[in-house]
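Participant: The sequence and its predicted three-dimensional model are supplied below.
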Amino acid sequence: MKVLVSAYACNPAGSLALHPGEDLAGWKLMRQLARFNDLWIITHAYNRPEIKGFPGQGDPSGVKFHFVDLPPWLRWLYKIEFGQRIYYYLWQIKAWRVARRLHKTVGFDAAHHLTFGNDWIPSFIGAFLPVPFIWGPVGGGQRTPKKLRREYSLYGRLAERVRSTAQWFGRRDLVRRRCLKRAKAVLVCNEETKLKMPAKHEKKIFYFPVNGISPEDLAPAEAPAANPKGFRVLTAGRLHRLKGFSLAVRALGELTGKVPEAELVIVGTGPEENRLKSLAKNLGMESRIHFTPWLSRAEVLREMRACDVFLFPSFRDGGGAVVVEAMASGKPVVCIDSGGPGNHVQEAWGVKILPGRPDEVVERITAALLKAAADPEWRLRLGREARRRAEEFYVWDKLGDRMDAIYRHALAGVPLPGDFKIGS
């Protein structure tokens, strides 16, 4: 088919300056769509240098890129936290105008809004381009559990309130309602987002993860124990209040009282870095908690294979790419049961921490890490199951096959193979 794809974030390099996770996911998902369709991609102009310069990838066969930008005087919006969403909303209006012109000459069979994946900011292309429409994968339904908001500063709590208010209005936007009505399929990346969809649309909602892996990301099937003489916990991501890294630091402080050889490696940079380092110092954990700046993806994967447990205490991640990468590395994951990580992790290959007050969550994380340290066979068994799950479900080509099956079902009525419900 001739498919128009709106992919604001679509970058093979995963731009660190903007939104690396969404950029890379947009690129990977676009490549999977291109396996089955001819694509016209509308993306933001910031992606042009990496797309055109990526070896063998710039305008590959069957894919045509159209780069859309807003006037330079609007870029100040990117310097404020919520301003990025306003900028994105305005960009979509311009992208829709470009799409209308293209449709007059190409005659698209379908349109797909790929990124940003946000359920409460609608797609103008989806709402108004007169062709069948696929939306997603989208997140946005996840929220910081109420008791964990105590971990935020006053500014952080205010930012969460502003986000919740914007979501309330966004989900009542007439353009969003039209999007949902016109969509032949809506792909959601976590359970919370599904619950934000009106019940009347339930039959066209499918679970689809926003994160995947390549076959080369998979660790050897029978990987040896990482640290026979120690116990290394790894966590990674942007050092932002939403990621809950302060809970990881406090849990390590509790753990070392019972597991003296335990250490925590935090990979990433961000606005919370100084606060986290101060917390580690105040707890007397400077020698046990190691801060490592951003690494390349290959280096992060090596760090994952060298750890014993991957800890990801994020409060409301929609996806959680590092969780899937840790699973592919054959490591058990300890995460908070919220958002995408809560969907990725199951009891057979990890530990999901029930949200509660920050001190309760620290206690539960500590208990999970203590069990992993005390029972190497248990954590190795979980790691093997994690790798198996990653290989069976999260390899990009398998996700591409899943996407194609949804296309054929939604646009041509072909029965779906297997179970496509949330959590499958």
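Facilitator: Cool, the structure landed.
Participant: Against which helices or strands is the helix or strand encompassing G126 packed?
Facilitator: Using DSSP states H and E, G126 maps to helix 124-128. With contacts taken as 3 or more C-beta pairs under 8 Å, 6 or more residues apart in numbering; DSSP states H and E, helix 124-128 sits against strand 2-7, helix 83-106, strand 110-115, strand 133-138, helix 174-182. Just so you know, the C-beta spots here come from the backbone N, C-alpha and C atoms, and that holds for glycine as well.
Participant: hmm, who's touching that helix?
Facilitator: 4, 6, 42, 92-93, 95-96, 99, 111, 113, 133, 135, 175-176, 178-179, 182-183 (C-beta atoms under 8 Å, 6 or more residues apart in numbering).
Participant: of these, buried ones?
Facilitator: Burial by neighbour count, judged by 16 or more other C-beta atoms under 10 Å, picks out 4, 6, 42, 92, 95-96, 99, 111, 113, 133, 135, 175-176, 178-179, 182-183 from these.
Participant: can you pull out the strands in the protein?
Facilitator: If DSSP state E is used as the criterion, the strands of the chain fall at 2-7, 38-44, 63-68, 110-115, 133-138, 183-188, 205-207, 231-236, 262-267, 289-292, 309-312, 333-336, 350-353.
Participant: Please work out the angle formed by the directions of the fifth one and strand 110-115.
Facilitator: This means strand 133-138. For strand 133-138 against strand 110-115, the angle by axes from the mean of the first three to the mean of the last three C-alpha atoms, to 10 degrees is 20 degrees.
Participant: and strand 133-138, what other elements does it pack with?
Facilitator: Packed next to strand 133-138, using 3+ C-beta pairs under 8 Å, 6+ apart, are strand 110-115, helix 124-128, helix 174-182, strand 183-188, helix 396-412.
Participant: Name the strands paired with it and say parallel or antiparallel.
Facilitator: strand 110-115 (parallel), strand 183-188 (parallel) (DSSP bridges).
Participant: can you check the shortest one too?
Facilitator: Next to strand 205-207 in the sheet, as set by DSSP bridges, lie strand 183-188 (parallel).
Participant: pretty sure S329 is touching A306, no?
Facilitator: No. Assessed by C-beta atoms under 8 Å, S329 is found out of contact with A306, at 9.2 Å.
Participant: the more surrounded of the two?
Facilitator: S329 (29 against 14; other C-beta atoms under 10 Å).
Participant: how close does the more buried one get to G383?
Facilitator: Distance of S329 to G383, given as C-beta to C-beta, to the nearest Å: 8 Å.
Participant: And the strands of the chain: which comes nearest A219?
Facilitator: strand 309-312 (12.1 Å; C-beta to C-beta).
Participant: quick one: strands adjacent to that closest one?
Facilitator: strand 231-236 (parallel), strand 333-336 (parallel).
Participant: Output that strand as CSV, restricted to C-alpha atoms.
Facilitator: Output of strand 309-312 as CSV, limited to C-alpha atoms (Å, rounded to 0.1, in the frame of the first residue of the first chain):
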residue,chain,number,x,y,z
VAL,A,309,20.1,-7.1,38.3
PHE,A,310,18.7,-4.2,36.3
LEU,A,311,16.7,-1.7,38.4
PHE,A,312,14.3,0.7,36.8
